[in-house]
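Chemist: From the sequence below, what's the structure:
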Amino acid sequence: MKPAILIFAKNLIYGQVKTRLAATVGNDVALSVYKHLLQYTAHITHQLPVDKIVFYSNEIEKKDTWNDEVYNKQLQSGNDLGERIHKAFTFAFLEGNTQVAIIGTDCLELTSTIIINAFTQLKNHDVVIGPAKDGGYYLLAIKKYIKSFFKI
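Modeler: The predicted structure is shown next:
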């Protein structure tokens, strides 16, 4: 099996995406911004030589931004973000993927090159983290399932 990129995506539902942004610019602009972010993320991941798995927040959609023939589509499950991420990584490793990275859909600075570099770095490291300026991360990659890493 090959490496896998997990993409956590909210369903494109009016009034339910980019809600903090919508509070100041309205739901129409927020929906438009999120649609652009989804399209950008699909663009940078489409040609990657890895398995691509989109994890939807609410329901699996067909014939949307994520080409049904390129992306494996799954539904997020769990009570909070940490549990949902843990279950997504577990799914990918159980599918036989050798390295797994996760990204969201809200980083226009993320590129295909950065994602490929993360997988390359896993040759020499167990974990790769792409740190975000807000203290979080925009990418998390691991080369083997580490149960304690996902302690919930």
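
Chemist: starting at the chain centroid, how far to the helix or strand that contains residue 23?
Modeler: Using DSSP states H and E, the element containing residue 23 is helix 19-25. In terms of CA atoms, centre = their mean, to the nearest Å, the centre of helix 19-25 is set 22 Å apart from its chain centre.

Chemist: can you list contacts of that helix?
Modeler: The contact list for helix 19-25 (CB atoms under 8 Å, 6 or more residues apart in numbering) reads 15, 29, 30, 33. Quick note: C-beta positions are derived from backbone N, CA and C, even for glycine.

Chemist: hmm, 7 Å instead?
Modeler: The contact list for helix 19-25 (CB atoms under 7 Å, 6 or more residues apart in numbering) reads 30, 33.

Chemist: what packs against the top helix by length along the chain?
Modeler: Counting by DSSP state H, the longest helix found in the chain is helix 27-45. Judged by 3 or more CB pairs under 7 Å, 6 or more residues apart in numbering; DSSP states H and E, helix 27-45 is in contact with strand 4-9, helix 19-25.
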